[in-house]
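1. Pasting the sequence and the predicted coordinates here, then a few questions.
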Amino acid sequence: MTVLLTGGAGFIGQHLARRLVGAGHEVVALDLMHPQVHADPESAVAAFPGPVAVGDVADATAWDGVPDGVTAVVHLAAETGTGQSMYETERYHRVNVEGTRLAAVFARARGAALVSMSSRAVYGEGRYECPEHGTVFAARCCAAAEPVASHEDDPHHPVSVYGETKSLAEAAATSECGTDVALTVVRPQNVIGPGQALHNPYTGVLAAFLAMLREERALTVYGDGHQTRDFVHVADLVSLLAWAVEHPASPGSPRVLNSGTGVRTSLLDLADAAIAGSPLPSPGVTHLDVHRAGDIEHACADLGRLRAAGAPEPTWTARDAIVDFIRWSWDKPGAGAAAWDDALDELARRGLTS
Ligand code: UD1
């Protein structure tokens, strides 16, 4: 197969490209080479094992630069910063919603299957089980309610602009694909691993913890640290994406699959594992009494559907994945911890913290 990877020069795209080439496929990329993500665009292009067309997925003319012969599209290109989405609203809508719609238009025009990257952010606060109120969504009904894993059929209740754009993008892809295009939507949890952007202070908490560990600074945990996330190693996400490329859905029957480990890790456990991966003495953690607009409390994937479909199951535990990321990234260039302080200050200046 010849597989187009939008955002192919990025973190997940580079891993997936190598995996697909290793399995005998050819790859091409369409990538904006955005400076917020790529500190060294030339090396990123050189590392991609196929041609790279430089262009913006939300610009219809950019797709004309993709060579003929594409049989599948994996649409990865997106704006992904939860906090940043709360004020760069227009940019997030344009890239994530219009970019995904155009990916589906392209797939239909070229007769290709589409695997579109969404996010667990569509679930927002997700699912709770309560002895008094039963299954509730979107908000904890009372103290007795326990957060549980989100199923693919759960309702969408995004709380960030980012999550909202991912929900709208799924709808746009489904509508444009219609009965013509085989569509798989993948909703990953928090993806971590070697190659993650270290210069971009709008990426996730683990890159922030790495920057702090390298400066022997205490890790800043927002709130009490009992919030949970499901950290999935990029290698496991890539196994699922490659499987979805090789086992397309039926046209007209879009398939939605979660990606995660199915296990919740608290921010305190994340900090503990990150410290375990560091070669320096523990700087400890410090709690900041702050809540960012758009942040949720708990996230975890239900993997029942993935298992029933025979798709690859996760092989990395969150703790091993966290240690792997810290060890691999330790001596790689990246932004200093102050960049994350600045990103938080920016949210505060805009009234997006409480
Ligand atoms: C992340 C991804 C998003 C993906 C989603 C899937 C980023 C920016 N966002 O969102 O693209 O779709 O996972 O679940 O990567 N925190 C701290 N200290 C810090 C930084 C953050 O305690 O220094 C906290 C945050 O308040 C939050 C948690 O860590 O409670 C996770 O935040 P973060 O990694 O930024 O992103 P998610 O919202 O989980």
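-> That came through, no problem.
2. What separation is there between the residue lying farthest from the centre of the chain and the ligand?
-> Relative to the C-alpha centroid of the chain, counting by C-alpha atoms, centre = their mean, Glu132 is the outermost residue, at 33.9 Å. Look at Glu132 and the ligand: by C-beta to the nearest ligand atom, to the nearest Å, they are 27 Å apart. C-beta here means a position set from N, CA and C on the backbone, and glycine is covered the same way.
3. same question, Glu98
-> Between Glu98 and the ligand the distance is 18 Å, computed by C-beta to the nearest ligand atom.
4. can you check Thr228 too?
-> Going from Thr228 to the ligand by C-beta to the nearest ligand atom gives 9 Å.
5. who's in contact with that residue?
-> With contact set as C-beta atoms under 8 Å, 6 or more residues apart in numbering, Thr228 has these partners: 147, 264-267, 297-300.
6. now those as JSON lines including neighbour count?
-> Rendered in JSON lines, the data for those read as follows (neighbours: other C-beta atoms under 10 Å):
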{"residue": "Pro147", "neighbour count": "19"}
{"residue": "Arg264", "neighbour count": "21"}
{"residue": "Thr265", "neighbour count": "24"}
{"residue": "Ser266", "neighbour count": "16"}
{"residue": "Leu267", "neighbour count": "21"}
{"residue": "Glu297", "neighbour count": "17"}
{"residue": "His298", "neighbour count": "21"}
{"residue": "Ala299", "neighbour count": "25"}
{"residue": "Cys300", "neighbour count": "24"}
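7. Can you name the residues that contact the closest residue in space to Gly69 that isn't next to it in sequence?
-> Leaving out its chain neighbours, the residue that sits closest to Gly69 by C-beta to C-beta, 6 or more residues apart in numbering is Thr2, at 4.9 Å. Going by C-beta under 8 Å, 6+ apart, Thr2 touches 25-28, 69-72.
8. One more pass at 7 Å, please.
-> Remark: with contacts taken as C-beta atoms under 7 Å, 6 or more residues apart in numbering, Thr2 is in contact with 26, 28, 69-71.
9. do Asn190 as well
-> With contacts defined as C-beta under 7 Å, 6+ apart, Asn190 is in contact with 204, 229-232.
10. Show me the shaky parts of the stretch 101-250 of the chain.
-> Counting by pLDDT under 70, the stretch 101-250 of the chain contains no low-confidence segment.
11. Spell out which parts of it neighbour the ligand.
-> Residues of the stretch 101-250 of the chain lying close to the ligand (C-beta under 6 Å from any ligand atom) are 119-121, 189-190, 202-205, 208, 220-222, 227, 229.
12. Between the residues you listed, which sits nearest Tyr162?
-> Comparing these against Tyr162 with C-beta to C-beta picks out Ala121 as the nearest, at 5.7 Å.
13. partner residues bridging the residue nearest to Gly69?
-> Taking DSSP bridges, one obtains Glu26 as the residues bridged to Thr2.
14. Quick check: the gap between it and the ligand.
-> Taking C-beta to the nearest ligand atom as the measure, Thr2 and the ligand are separated by 28 Å.
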